[in-house]
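Participant: Sequence and predicted structure below; questions after.
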Amino acid sequence: MKGRKDIAWKGVRKQRIDQWGHIKPIENDFLLNPLLLDIRGSGIERKEYYMADEIKKRKTPLLDELEEGPWPSFVTDLKKMAEKKPKANDLLGQLELSYKEKKGHWKHGGLVGVAGYGGGVIGRYSDSSELFPNVKAFHTCRVNQTSGWFYTTEALRELCDIWDKHGSGLTNVHGSTGDFVFLGADTDALEPCFSDLTKAGWDLGGSGSDMRTPSCCNGPARCEFACYDTLDMTYDITMTYQDELHRPAFVYKWKFKMAGCPNDCVASIARSDLAVIGTWRDNIRIDQSAVKEYLDKGLNITSDVIMKCPKQCISLDRNELRINNEDCVKCMHCLNVMPKALRPGKDKGATILIGGKAPIMEGALLSSVLVPFMKIEKPYTEFKDLIERIWEFWDEHGVSRERIGECIQRVGMGNFVEAIGLEPLPEMVSSPRDNPYIFYEEYLEEGEEEEE
Amino acid sequence: MKGRKDIAWKGVRKQRIDQWGHIKPIENDFLLNPLLLDIRGSGIERKEYYMADEIKKRKTPLLDELEEGPWPSFVTDLKKMAEKKPKANDLLGQLELSYKEKKGHWKHGGLVGVAGYGGGVIGRYSDSSELFPNVKAFHTCRVNQTSGWFYTTEALRELCDIWDKHGSGLTNVHGSTGDFVFLGADTDALEPCFSDLTKAGWDLGGSGSDMRTPSCCNGPARCEFACYDTLDMTYDITMTYQDELHRPAFVYKWKFKMAGCPNDCVASIARSDLAVIGTWRDNIRIDQSAVKEYLDKGLNITSDVIMKCPKQCISLDRNELRINNEDCVKCMHCLNVMPKALRPGKDKGATILIGGKAPIMEGALLSSVLVPFMKIEKPYTEFKDLIERIWEFWDEHGVSRERIGECIQRVGMGNFVEAIGLEPLPEMVSSPRDNPYIFYEEYLEEGEEEEE
Amino acid sequence: MTTQALERKTDMGPPHYERFLHPIIKENYGKWRYHETLKPGVLVHVSETGARIYTVRAGSPRLVSVDFIRMICDLADKYCDGYLRFTSRNNIEFLLADKENIEPLIKGLNLKGLPVGGTNNAISNIVHTQGWVHCHSAATDASGLVKSMMDELYDYFTTMKLPHKLRIAVACCLNMCGAVHCSDIAILGIHRRPPKIDHNALKNVCEVPTTVSSCPTAAIRPATVEGIQSVEVDEDKCMYCGNCFTVCPAMPLADSLNDGVSIWVGGKVSNARTEPMFTKLAIPYLPNNPPRWPEVTSAVKNIVEVYAKHARRYERVGEWINRIGWPRFFKQAGLEFTKYHIDDFKHAGTTYKRSTQLTQ
Amino acid sequence: MTTQALERKTDMGPPHYERFLHPIIKENYGKWRYHETLKPGVLVHVSETGARIYTVRAGSPRLVSVDFIRMICDLADKYCDGYLRFTSRNNIEFLLADKENIEPLIKGLNLKGLPVGGTNNAISNIVHTQGWVHCHSAATDASGLVKSMMDELYDYFTTMKLPHKLRIAVACCLNMCGAVHCSDIAILGIHRRPPKIDHNALKNVCEVPTTVSSCPTAAIRPATVEGIQSVEVDEDKCMYCGNCFTVCPAMPLADSLNDGVSIWVGGKVSNARTEPMFTKLAIPYLPNNPPRWPEVTSAVKNIVEVYAKHARRYERVGEWINRIGWPRFFKQAGLEFTKYHIDDFKHAGTTYKRSTQLTQ
Ligand code: SRM
Ligand code: SRM
Ligand code: SRM
Ligand code: SRM
Ligand code: SF4
Ligand code: SF4
Ligand code: SF4
Ligand code: SF4
Ligand code: SF4
Ligand code: SF4
Ligand code: SF4
Ligand code: SF4
């Protein structure tokens, strides 16, 4: 990408075009405009809601119904906290109002944070603070979780103590992106809370147009299928890109998720811009005696394994299991059913996929194959080089609020892979194009020689 | 549709939006503008091509090479005709020039025809008439073929005689849409040729923005799989819509193709705007003794039939073939392999599919299910009613040069089926929507009652 | 690790995970050989060395207080040498060295009202989002919906009697923070009324061009309203995505009367057997009926039960539906098929049935 | 049937097909029970009544003279009681009542240079279009390409040794009159140079707004060129579709140096086993090399042979490729994969590989 600033491909849409054919100006960078962001926090004064008697007294008849039933009740927990914490108490009140009115009572956004960080805090203000003054401000701190969400009770208690001191005492363990979320802080409490966190060795995660907190499955820590060290890679990437995590500088958010194998227990293919999914490229290792064990225990290998193999490449020949590894697509099914008998090969690594996201604005995307197989080894140089080339590209060609998956579709996957220095590969597509609208990049002028 | 002129659905794109997000004005009706069409014929004077000696003498060294090889040579045939017909001779010359220069030598379009008809003739003028004066004009007449392309030698000779008299003597048997194509007439010859044709009982087919000549597979005439009378329906539809066939009045072309069963031997699903594909909805009829015959003759029913059934709904139980008809999707494979043993059920009819076309401008489309099952019986009233409702819709909502398949995608299949008075059915989709961008058509105002 | 100012530490990142690994895990890191499910919610992983680590998985509401966390810490201290983790679906996993501690731990958990399960052919915890508890965008609540549904589906969490894993997710608006786009069953909060514009506020807090261009369907036009430079919304073009509200606070969509929930089915993310799939629309609208959303819970339960009854072993919801076809799914689940089910978005045409392969 | 003027008959439509049906066909119309393929190109259809009609299928170049037609009529008179038909792929089908006539007819056909075959697991006749013979849009010739290819593939027409039917089509420009979008193998004429604008002509024969709006990629802009109100083309945005030329004759795309042929594979239209499929790009460009297009014929033959070698019985080309995956197809066929193969059109994203299911 360096020195290629001026490349222009054929056929690249210069505007962003959405699903309805509406053309978006490419200089639409409102969300990078700090001025604009600032005023979002100020919100709009909403008209007052009537204040019902039972709410004044924190009677919560509607929420109370959620204390029934076998599943653990967040209401019960909330109520206990409400006895101790005014913020929790007012949250309870406001939530009851929402249940009554079938409507939320939070103002729009709010730009707050800790000094020097652009991410990690989500500002939140009540639109009914006259009723619920203690949730007038009710920000969240996204505390960067540990790789694989492993904790000691000591560490958890430490986090609890900090949050007990500075906030509502309410948390999400964990947020959808993976953070340990402190739910409900005053603006004033943010810096002291952050200070206590860092003292104890914790830091904030991401929010806004930055790299978000990477997360991973428990991988080699507790899973036999892990094809690379998801925990270490996640830690390493998180540490390497602290600046990208904390100081929003991208055109939009960027999420990494690391899954140890194609089972994808962190839903990386659907929920991250860059998914690293472990796989292997040699033969599945078979332990025939364990096959026999499964058979003896009554497993119906034919119906439960052989018939379910998407490539029909397994057979059972007098209790010997055979796999035609050339046809196998490493889907994991046979290994999942017989983990004791089958193991990934020894030549392990990962498939790198790009572009997953939720639907706003152009429809949801699943990540797609960028590198069919990459060896994943410390210090992850090949991976980081690739990521940096991608970020450079995105920085140059991305439009504000355009995730990388959308950017690639706009620019064309072919142009994208070329620009970041990869070869186009048939593994990148489920099938080649079926339309004849090809942007051939060269043509001959009269007098020129015929091409070879 | 009558009396519904003012319906406006939610979410319908008021403009036509192409694949690149380019917004097309909806009043873009240039091809309906006869003035514009007229001047197309006048073409542009192209610069003269040098006239090689060998061409003057009708030496055709390049084309001659196409006389080699086992497949019958159109060149040999053309040359024979060239000896008799100056038009064929000049065609040969111009084609040799094209082979030499790797370029065609026909001018653009040309609006010619027979009186009262807007379709059936394609005008064509040479851009090198100084070299090849006899192909200065070289129009085609599209003669409406017979249903299923059945002929007697008498009829064929009749057509040959007419064409020998009026044109180049060259034909396409048949054109891609199905017509018997007379290739190469002078403008003057068109009316006399037409007159002789009609006298002999023949008529022209379609071209331009009209209904095109319908065509069909040989169906019940020579095929055991036919689920309805493709020949009769094609004839009936052709006769009923003579006006639509001959006087372009649509926003663009419209093609019907009738296939007797899901094998679709006329490629109707890919090549017609409206495909009628025979099918059935009761059980496949099995003749177990014929099953046994196939087995005896060595057919491997397990590998060739059972394993290939897409729904895995066939089994063989002590030489008895069983079909789980509830799961069967009428794909035809098992019947194709064992026609003597298996027959479609008795409750026959057709699936009606809509919208197939080539790629210009929004990418190729395959037709999609509009009516999962319709009884197809003379006089085809239900079918014709449906077609007329569709045409009315297309007339009202279609944009110039927008095939019905594109129109439906723009307007939305849901709105389309509603407008033509059909129920939305899950059979119309391969799957329901996966994006949440739903145009809910109603909402409640405050004070209104909650919906049921 | 960089330090920005003298008195403040920044960019130190999370603590290193090794600090938190159970000694058995540390020793057998990357050496796990296989696992077995001993009973619902209880796994054992066996190492090449023969070492074993036991896991007990307990459900959690995710929205929990520090006291709740301290309570589970007490249990982990007692039975797990102080080691525990959370899963990608917000369950709590207790990691045990000693098999003998499994039953006492489970008893302890049950005493505190926490269910054990979620493994294998079970419904695991519901991935969900903020809802009315914390988000400005919410069209429904998340925690309450989840509680209501898990109460109904409890039995499927604590047993393993389904044909295969069943994964449910909730998102309270179209932003889909719960990533409901690829779940076996998804519940999605929806608005159904175009934004009500606060023109006075708009002129102060939003830029007109930005607001206009935020709309995917070009429903927003600049307009002068009662002398104020503002915008107007062509209601025919609005599909309630909320993107304008994200960009301009003066265009709220939340509406007590019209907000509600839609139900989606058949997504998955694993690559096992079939490739990952998106969820597809099953029910376009059910009302918000807090505190227990009875329409939603019974609709979800119905789908689970139809799946449980008809799917084959190892078939995820989407795989089952693909085998039987959508027409039969709608019939078996007793759901109405409407025009809303027919895609009219970007790739709409690719979802039309372009074949005669139909069951009758 | 209406009559427009006194002296002219119009709108009478084609003659009724019944006139042209062989008596055996008329009697057994709709009563056919089954068929058998007696040998390549020869079918027998057996009726419920036991009656039989024999079919001999012969290849035709489609572009034929009246004398050619008369020649086949002679044969049909001699052996078929004067009854014959043409197929949807432009083959000639002779309909015989008498089995004894089959061999003499075949001999007669062969004498005239016409091959018999095209049934079952064969390559049938190539559906094709006008090419340089008659069309203004052509980027290549059709008849010559077909002749060159069928010479090479002759053996596959007269035998039935392929895994299954193989259907080839040719279209000489992107309009695709040969409907190549759903063939096992398709050959498509392509331009590769933006239109050269004849500004003088344009002002007379085209409307500027119409021309501008004809372009799918918005590559055409109004422009004043040497004082003439005309248009200009942004070459970076042109993908040579030819739609502007269809609308405006002053924008020809044909270009001796750059026109050529692209090769596509894996489409089908039947609903047998798998749903209909589009063809996909295999080779983005091969030069126009008349009279025999050696690059094209050998590329096509290579694909046929790789298919013949690797596909399983009853697998069409697309079904075979779907089973082995595109990466292996490219490897086995020795084809280069380029950025042109990656879709960048409307539904491009739906063709990306959104799964880890890969062979290595
Ligand atoms: C807290 C959290 C939900 C939760 O309850 O766990 C969350 C909450 C919000 N998300 Fe999210 N998202 C959260 C994970 C996700 C995920 C899931 C994931 O990361 O795996 C997604 C889907 C995956 C993806 O990124 O596409 C997600 C997709 C969105 C989107 C849509 C993005 C898109 O491109 O389609 C938005 C809208 C936006 O960015 O403007 C959004 C916006 C928001 C905002 C900031 C609301 C807004 O309009 O600005 C929410 C703040 C709520 C609040 O009051 O705290 N959030 N958001 C999750 C982050 C916690 C954490 O750090 O761990
Ligand atoms: C003669 C024929 C090709 C042949 O050699 O057989 C033909 C020839 C032309 N077609 Fe075609 N089309 C012919 C069948 C088709 C088919 C196949 C079919 O009908 O099964 C298709 C694809 C199916 C479809 O309709 O989509 C077809 C799709 C087109 C298109 C693209 C339409 C689209 O929506 O994508 C055009 C362009 C246009 O309409 O502007 C076109 C335009 C043309 C024009 C009129 C050229 C033009 O730019 O205006 C050609 C005149 C050639 C000439 O000089 O005679 N022709 N055209 C076929 C008609 C003969 C007949 O009546 O039997
Ligand atoms: C603990 C956890 C990873 C983590 O780091 O947190 C995990 C752990 C295991 N997963 Fe998973 N999966 C976990 C979330 C997931 C997810 C993500 C999600 O649900 O959002 C998926 C993708 C689901 C999807 O496709 O929508 C997932 C798809 C699988 C599969 C593939 C299932 C399938 O056939 O589609 C397997 C294999 C199996 O179950 O046979 C699997 C298997 C396993 C095994 C057996 C792996 C092993 O050998 O240790 C683990 C115990 C499974 C169990 O629960 O029965 N895991 N697993 C996650 C537990 C979540 C929970 O609390 O329930
Ligand atoms: C004569 C013809 C219909 C007509 O009215 O003209 C015809 C006639 C028959 N077709 Fe066909 N098909 C004819 C064009 C087609 C087409 C259209 C095309 O090629 O453009 C198709 C769709 C091809 C595609 O999918 O791309 C077609 C797909 C089939 C199939 C399905 C093959 C498959 O498995 O995909 C069968 C069944 C089979 O072959 O087992 C079939 C079977 C048959 C049978 C056996 C039906 C019968 O019982 O009589 C007929 C003799 C077949 C043979 O050639 O071996 N016919 N058949 C057409 C002959 C064309 C030719 O000259 O070769
Ligand atoms: S993704 Fe694979 S390696 Fe990671 S926890 Fe799941 S099964 Fe184990
Ligand atoms: S991993 Fe999947 S594709 Fe490979 S052999 Fe096992 S079941 Fe088959
Ligand atoms: S489409 Fe069906 S009915 Fe018609 S010829 Fe082909 S196989 Fe026979
Ligand atoms: S018609 Fe097709 S789906 Fe039905 S039983 Fe036969 S092979 Fe199976
Ligand atoms: S899904 Fe919507 S409402 Fe729920 S947390 Fe995310 S942005 Fe907020
Ligand atoms: S909700 Fe979405 S569709 Fe409606 S006006 Fe706002 S941005 Fe446009
Ligand atoms: S494919 Fe193109 S060049 Fe060939 S006949 Fe059709 S319009 Fe003419
Ligand atoms: S050939 Fe097609 S893309 Fe190129 S200028 Fe003409 S219409 Fe536009």
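Facilitator: Right, received. Where do you want to start? Ligands and ions are numbered 1, 2, ... in the order given.

Participant: near ligand 3, which residues of the stretch 51-200 of chain A?
Facilitator: A:Gly148 (CB under 6 Å from any ligand atom). Backbone N, C-alpha and C define where each C-beta goes, glycine included.

Participant: Next, the contact list for the residue of the stretch 51-200 of chain A found nearest ligand 6, please.
Facilitator: At 24.2 Å from ligand 6, A:Gly148 is the closest residue in the stretch 51-200 of chain A, using CB to the nearest ligand atom. Residues near A:Gly148 by CB atoms under 8 Å, 6 or more residues apart in numbering or on different chains: A:216-219, A:221, A:230-231, A:234, C:17, C:85.

Participant: Now with 10 Å, please.
Facilitator: Applying CB atoms under 10 Å, 6 or more residues apart in numbering or on different chains to A:Gly148 gives the contacts A:178, A:215-223, A:230-232, A:234-235, A:258, A:260, A:266, C:17, C:20-21, C:25, C:85-88.

Participant: What of A:Gly175?
Facilitator: Here A:Gly175 is in contact with A:122, A:140, A:142-143, A:145, A:181, A:183, A:205, A:207, A:212-213, A:215, C:62, C:90, C:129-130, C:177 (criterion: CB under 10 Å, 6+ apart).

Participant: redo that, cut-off 8 Å
Facilitator: A:142, A:181.

Participant: in stretch A:58-67, what's buried?
Facilitator: Neighbour-count burial for stretch A:58-67, counted by 16 or more other CB atoms under 10 Å in any protein chain shown, picks out A:60, A:62-63, A:65-67.

Participant: Determine which two of those residues are furthest apart.
Facilitator: Farthest pair in the buried residues of stretch A:58-67 (CB to CB) is A:Leu62 and A:Glu67. Separation: 11.0 Å.

Participant: show me where pLDDT drops low in the stretch 301-450 of chain A?
Facilitator: A:448-450 (pLDDT under 70).

Participant: hang on, the earlier thing: contacts with ligand 1 among the contacts of A:Gly148, please.
Facilitator: Okay, of these touching ligand 1 (CB under 6 Å from any ligand atom), that's A:Gly178.

Participant: re the thing from before, using the three-state scheme, assign the residue of the stretch 51-200 of chain A closest to ligand 6.
Facilitator: Under DSSP: H, G, I helix; E, B strand; the rest coil, the three-state class of A:Gly148 is helix.

Participant: Ok, A:Leu370 next?
Facilitator: A:Leu370 ends up strand, using three-state DSSP.

Participant: Contact partners for it?
Facilitator: Counting by CB under 8 Å, 6+ apart, A:Leu370 has contacts A:352-354, A:386, A:417, A:422, A:428.

Participant: can you put the residues you listed in TSV and add secondary structure?
Facilitator: Listed next are these as TSV, based on three-state DSSP:
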residue	secondary structure
A:Ile352	strand
A:Leu353	strand
A:Ile354	strand
A:Leu386	helix
A:Val417	helix
A:Leu422	coil
A:Met428	helix
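
Participant: So which of these is the closest to C:Gly325?
Facilitator: Using CB to CB, those come closest to C:Gly325 at A:Leu353, 29.4 Å.

Participant: tell me the contacts of the nearest residue to the closest one once chain neighbours are set aside?
Facilitator: In space, and not counting its chain neighbours, A:Leu353 is closest to A:Ser367: 3.6 Å by CB to CB, 6 or more residues apart in numbering or on different chains. Residues in contact with A:Ser367 (CB under 8 Å, 6+ apart) are A:268-270, A:272-275, A:353-356, A:405, D:354.

Participant: run the last query once more with 10 Å
Facilitator: Here A:Ser367 is in contact with A:257, A:264, A:268-277, A:351-357, A:404-405, C:269, C:276, D:352-356 (CB under 10 Å, 6+ apart).

Participant: before we move on, what about A:Ala221?
Facilitator: A:147-148, A:150, A:229-232, A:260, C:17-18, C:20-22, C:25-26, C:28-30, C:32, C:45, C:53, C:85, C:95 are the contacts of A:Ala221 under CB under 10 Å, 6+ apart.

Participant: Show me these that map onto helices.
Facilitator: Those of the contacts of A:Ala221 mapping onto helices are A:230-232, C:25-26, C:28, per DSSP state H.

Participant: In ChimeraX, select just the buried ones from those residues.
Facilitator: Per 16+ other CB under 10 Å, the buried members of the ones in helices among the contacts of A:Ala221 correspond to this ChimeraX selection:
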select /A:230,231,232 /C:25,28
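
Participant: out of the ones in helices among the contacts of A:Ala221, who's near ligand 11?
Facilitator: Applying CB under 6 Å from any ligand atom to the ones in helices among the contacts of A:Ala221, none is adjacent to ligand 11.

Participant: could I get the ones in helices among the contacts of A:Ala221 as a markdown table with distance to A:Glu377?
Facilitator: Formatted as a markdown table, the ones in helices among the contacts of A:Ala221 follow (distance: CB to CB, whole Å):
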| residue | distance to A:Glu377 |
| --- | --- |
| A:Thr230 | 13 |
| A:Leu231 | 14 |
| A:Asp232 | 10 |
| C:Ile25 | 21 |
| C:Lys26 | 20 |
| C:Asn28 | 21 |
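
Participant: wait, which of the ones in helices among the contacts of A:Ala221 is closest to D:Asp198?
Facilitator: Using CB to CB, the ones in helices among the contacts of A:Ala221 come closest to D:Asp198 at A:Thr230, 62.8 Å.

Participant: contacting residues around the closest one?
Facilitator: Counting by CB under 10 Å, 6+ apart, A:Thr230 has contacts A:147-148, A:214-221, A:223, A:257-261, A:265-266, A:268, A:276-278, A:350, A:376.

Participant: Excluding residues flanking it in the chain, which one is nearest it?
Facilitator: A:Thr230's closest residue in space is A:Gly219 (CB to CB, 6+ apart), at 3.3 Å.

Participant: ok, now A:Arg285?
Facilitator: A:Arg343 (4.2 Å).

Participant: for C:Gln357, same thing?
Facilitator: B:Val329 (3.9 Å).
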